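A.B. asks: quick check, what structure comes out for this input:
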Amino acid sequence: MKDKNKILIISGNLLKHKHVAIKILKKYKNSNIIFEKYPKIISRNYSKAKSTLITNHFKKVQFYEKKFFQKFYKKNINFLNKKTLFSVSKGSINNLKVLKEIKKINPKIIILNATSIIKKNFIKMYKNKLINIHAGIMPYYRGTGCNVWTFYNQELEYTGVTIHFINKDVDGGNIISQAQSDFKSYDNTHTIGCKNAMLSTKLVSQVIDYLIKHPKYKGKKIKSKKNKIYYKKDFNKNIIQKVEKLIKDGMVKKYLNYKKKIKLVKLN
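C.D. replies: Residues are numbered from 1 along each chain as shown. Next up is the predicted model:
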C-alpha cells in the first residue's frame, strides 16, 4: 500500500476488538491504532444496574472471548503494541487534544470499532472517511447490543455485521457492506459475538480495498419500516433471563430449519 493510503483504527480494547485490529494492522502496513479503553469491570460500560445476572452475563462475554481470541492475541501482542499510537479513556475520543493528534496522522480512512459516539466536529473533519463496524444489521437493528436484541425478539435473521459510513445519526450512515451471522445449533449470544468479530474482519478488509480503488463511493441505503435503535439503558436482567430461556428452548435450531431472507447491501 502507498503512503497516501494511511489507515487509522480507533477501537475498543476488549479481546475481540484487538483480534480485529491485529488482522487489519497486519494486512495494511501503513496503519496504526488508537484504543479507547473500556472500564475494568466491563458490565459498567453497558449497565449501571447491580445484578448477579448482568455480572455473570459479562463474565461469560470475557470467557468466550478468551476461548476464541486469547491465543492469537498473546502471539501478536508485541506487534500490536508497536502499532498502538496511544490509548484514551472511554468517552474521550472526541476531545480536542485527541482530534489534533489524529489530524497530524492525516489518515486516508478511519476505521471505528466499538467506540463512543462520534460527535459532529469529528465527523465534519473527516467526512466520508469515517467507517464504522456495527455489530448488527442496519437499518433493522441500530445502537448497542444489537445481536442480543435479535435473540430477544426471536429475529435471528437480523443478526450480523454492517460496515457503514458515519453521519450524525446513530448507525444511520450509508451502508457499504453487510453479512448475516453463520449460526450453528450450539450458538448463543456470546459465541455469535465472537464469530461476528471474525466476520467483521473479513468485511472491513474488503471495504478498505474497495474504497482505496473507489474513493468517491458513498454507500447505499436500505428502506425499511423495521428501524429500531437500542440503547444501553434498555438492557437489563429481564432481557438476559428471556434470552437464556429462548436459547435453552431451542430457538437457534428452529431458526436453522426456517431461515428467512432479508435485504442486504453487498459490494459489487
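A.B. asks: residue contacts, the closest residue to Gly219 other than its chain neighbours?
C.D. replies: Taking C-beta to C-beta, 6 or more residues apart in numbering, and ignoring the residues beside it in sequence, Gly219 has Asn174 as its nearest neighbour in space, at 3.0 Å. For the C-beta atoms, the positions are set from N, CA and C on the backbone; glycine is no exception. Taking C-beta atoms under 8 Å, 6 or more residues apart in numbering as the definition of contact, the neighbours of Asn174 are 164-165, 167, 218-221.
A.B. asks: what's the closest of these to Phe69?
C.D. replies: His164 (23.9 Å; C-beta to C-beta).
A.B. asks: just say helix, strand or coil for the closest one.
C.D. replies: Under the three-state scheme (DSSP: H, G, I helix; E, B strand; the rest coil), His164 adopts strand.
A.B. asks: before we move on, which element is Lys59 in?
C.D. replies: Element membership of Lys59, judged by DSSP states H and E, is helix 52-83.
A.B. asks: what are the buried residues along the helix or strand following that helix?
C.D. replies: Scanning the chain past helix 52-83 towards its C-terminal end, the next helix or strand to appear is strand 84-89 (assignment: DSSP H and E). By neighbour count on 16 or more other C-beta atoms under 10 Å, the buried set for strand 84-89 is 84, 88.
A.B. asks: go on, stretch 79-99?
C.D. replies: Buried residues in stretch 79-99, defined by neighbour count with 16+ other C-beta under 10 Å: 80, 83-84, 88, 93-94, 98.
A.B. asks: now do stretch 37-52
C.D. replies: Residues 38, 42-43, 45-47 are the ones in stretch 37-52 that count as buried (16+ other C-beta under 10 Å).
A.B. asks: which residues are in contact with it?
C.D. replies: The contact list for stretch 37-52 (C-beta under 8 Å, 6+ apart) reads 12-14, 54-55, 57-58, 61-62, 87-90, 144-145, 232, 235-237.
A.B. asks: give the rounded mean pLDDT of that stretch.
C.D. replies: Summarised as a single mean, pLDDT over stretch 37-52 is 80.
A.B. asks: got the end-to-end distance for it?
C.D. replies: For stretch 37-52, the first and last residues are 24 Å from each other (C-alpha to C-alpha, to the nearest Å).
A.B. asks: can you check stretch 233-253 too?
C.D. replies: 30 Å.
A.B. asks: follow-up on the earlier one: chain center to the helix holding Lys59, what's the gap?
C.D. replies: 15 Å (C-alpha atoms, centre = their mean, to the nearest Å).
A.B. asks: remind me which residues of the chain are low pLDDT?
C.D. replies: Applying pLDDT under 70 to the predicted model, the residue ranges of the chain that meet it are 1-3.
A.B. asks: apply 80 and report the result again.
C.D. replies: Low-confidence regions of the chain, defined by pLDDT under 80, span residues 1-4, 41-50, 268.
A.B. asks: returning to that earlier point: buried subset of the contacts of stretch 37-52?
C.D. replies: Buried positions within these, assessed by neighbour count (16+ other C-beta under 10 Å), are 12-14, 54, 57-58, 61-62, 88, 144-145, 235, 237.
A.B. asks: quick one: the residues you listed as TSV, columns for distance to Asp209 too.
C.D. replies: Putting the buried ones among the contacts of stretch 37-52 into TSV (distance: C-beta to C-beta, whole Å) gives the following:
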residue	distance to Asp209
Gly12	24
Asn13	26
Leu14	26
Ile54	39
His57	36
Phe58	34
Val61	31
Gln62	32
Val88	29
Thr144	29
Gly145	29
Phe235	35
Lys237	43
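A.B. asks: what's the farthest-apart pair in those?
C.D. replies: Largest separation among the buried ones among the contacts of stretch 37-52 by C-beta to C-beta: Val88 and Lys237, giving 30.8 Å.
A.B. asks: alright, that wraps it up for me.
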